[in-house]
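Participant: Predicted model, plus sequence, below.
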Amino acid sequence: MTEHISRTSSRLQIGMVVGESSGDILGAALMRALRQHFPDCEFSGIGGPRMLEQGFHSFFPMDRLSVMGLIDPLKRLPELLKIRKFIKRHFTEQPPSVFIGVDSPDFTLNIERHLREAGIPTAHYVSPSVWAWRQGRIKGIKRSVDLMLTLLPFEADFYREHKVPVEFVGHHLADEIPMDVDRKAARSALRIREDGPLVALLPGSRSGEVEQLGTLFLKAARLCREKRSGIQFVIPAASPERYRQIHHQLSEFVDLNVHLVQGRSREAMAAADVALIASGTTALECMLLKTPMVVAYKMGSVSYSIISRMVKTKYVSLPNLLAGRRLVPELLQKAATPEALSTEVLNYFDHPSQTESLRETFADLHRELACNASDRAADALADLIREHA
């Protein structure tokens, strides 16, 4: 049925592959935006439920690509290679007007390179962190894509330096999150009293992160409470498994006023005066919510020794990377002690004018990233399609 549609339809064909739920969100929004340029275009490849609702034809369930860690991908490697081989063959035999890999670079860049060598225009949406580590990957990316679509402006600068065609389109979260955050409504939704200082603790979404940071954050919270007796804490657990893990850790901190909730991390950050968070994409969301933050991370000493040698950036958190300077504290490895973390958290309460200035800087960065990302990406892709038509 798929081959019949592809070979007989005169409509413009667009190939896409996404490998996880975040890519599905981006892919569905991009499909809507591309139809503003090509109303009758057809999409096929691998997509998730949101894309299927938009009429996407998926050759395989998206969740077959959603593998994490080191062991699971190895177990699934034969299946993944078989899927990738099918995608290459299908789009080589029935060339689309453009092929778009959405994130999942370990899977999609190989497809993009193969199709580009076959004369098919290719694009990649969401840059891998090549600017931060394993920068040698840029050579392979340059051979794989006709256009890189980046979410962050400094990513685009990196690609321009390496002569890779690139378009900064903005970040979908910056489009989604409003400029003005209603903290009172967020506290009400979480059933947390409106008055008094509130700190959100976000020790990560993975078991290992919570194991390393959960108790550490709670010790820092205890020190904060010793200096500010009325302080409250909220912890949004990323999953039922993390909820149980954090609940177990809380058994040693019954003296703390901690509100543990399932999910709802955005509401927790919006409600808080300050957030103590694990380094990662949460920092960007926290920044867009205009919530001052302290960023921390700990991992095994061997892993840290290896990764620290590979990372080429001065900062690890996105607010600092976007600003090109230290906006928020970053406490990593041995520097992440309960004493240091609590000092940095309380510093925001002790210096309200500086804290308010930080929120204004966050708002400026938000405006820089809010570019109607899907529309800008679709505009750039439409130009690419017409250029190769």
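Facilitator: Looks like it came in fine.
Participant: For Tyr125, see how far away the closest residue to Ala377 other than its chain neighbours is.
Facilitator: Sequence neighbours aside, Val169 is the residue nearest to Ala377 in space, at 4.5 Å (criterion: CB to CB, 6 or more residues apart in numbering). In short, each C-beta sits where N, CA and C put it, glycine included. Distance of Val169 to Tyr125, given as CB to CB, to the nearest Å: 8 Å.
Participant: where do the contact lists of the two overlap?
Facilitator: 149, 377 (CB atoms under 8 Å, 6 or more residues apart in numbering).
Participant: what's the neighbour count on Gln333?
Facilitator: 13 (other CB atoms under 10 Å).
Participant: these two touch, right, it and Lys298?
Facilitator: Yes: using CB atoms under 8 Å, Gln333 is in contact with Lys298, at 5.8 Å.
Participant: Quick check: which ranges of this protein have low pLDDT?
Facilitator: 1-10, 66-74, 132-134, 300-313 (pLDDT under 70).
Participant: what are the ranges of the strands in it?
Facilitator: 13-18, 42-46, 57-58, 98-102, 122-125, 147-150, 166-168, 198-202, 232-237, 258-262, 274-278, 293-297, 330-332 (DSSP state E).
Participant: Can you tell me what sits against the shortest one?
Facilitator: The contact list for strand 57-58, computed with CB under 8 Å, 6+ apart, reads 2, 5, 42-48, 51-52.
Participant: Swap in 6 Å and give it another go.
Facilitator: Residues from elsewhere that reach strand 57-58 (CB atoms under 6 Å, 6 or more residues apart in numbering): 44, 46-47.
Participant: With adjacent residues omitted, what lies nearest to Ala389?
Facilitator: In space, Ala389 is closest to Ser97, 7.2 Å off (CB to CB, 6+ apart).
Participant: got a list of what that neighbour touches?
Facilitator: Counting by CB under 6 Å, 6+ apart, Ser97 has contacts 12-13, 385.
Participant: Phi first, then psi, for it.
Facilitator: Main-chain torsions, Ser97, degrees, to the nearest 10: phi -70, psi -30.
Participant: Please tell me how far it sits from Arg35.
Facilitator: 14 Å.
Participant: Common neighbours of the two, please.
Facilitator: Joint contacts of Ser97 and Arg35 (CB under 6 Å, 6+ apart) do not exist.
Participant: give the contact list for Ala377.
Facilitator: 30, 149, 169.
Participant: Tell me how many other residues crowd the last one.
Facilitator: As a burial measure, the neighbour count of Val169 was computed by other CB under 10 Å and equals 26.
Participant: Does it touch Ser374 like I think?
Facilitator: No: between Val169 and Ser374 there is no contact under CB atoms under 6 Å: 7.9 Å.
Participant: mind giving me the domain split of this protein?
Facilitator: 2-170+371-388, 183-369 (automatic domain parsing).
Participant: out of those, which comes closest to Glu176?
Facilitator: Closest to Glu176 of the domains of the chain is domain 183-369 (CB to CB; 8.6 Å).
Participant: Show me how far the closest one is from its chain's centre.
Facilitator: 17 Å (CA atoms, centre = their mean, to the nearest Å).
Participant: shift numbering so it begins at 28
Facilitator: New numbering, starting at 28: the last item is domain 210-396.
Participant: Could you tell me the end-to-end distance of that domain?
Facilitator: One end of domain 210-396 sits 22 Å from the other (CA to CA, to the nearest Å).
Participant: same deal with stretch 296-305?
Facilitator: 13 Å.
Participant: Apart from its neighbours in sequence, what residue is nearest the one residue sitting closest to the centre of the chain?
Facilitator: Centroid check for the chain by CA atoms, centre = their mean gives Thr308 as the closest residue, at 4.9 Å. Distances taken as CB to CB, 6+ apart place Leu345 nearest to Thr308, at 7.3 Å, with adjacent residues excluded.
Participant: where's that neighbour relative to His393, distance?
Facilitator: Shown here: Leu345 relative to His393, a distance of 12 Å by CB to CB.
Participant: Who has more neighbours out of the two?
Facilitator: Leu345 (26 against 21).
Participant: Contacts only, for Thr119.
Facilitator: Ala145.
Participant: Look up how far Ser156 lies from it.
Facilitator: Taken as CB to CB, the span from Thr119 to Ser156 is 29 Å.
Participant: and Tyr152, how many residues sit next to it?
Facilitator: Residues near Tyr152, counting by other CB under 10 Å: 27.
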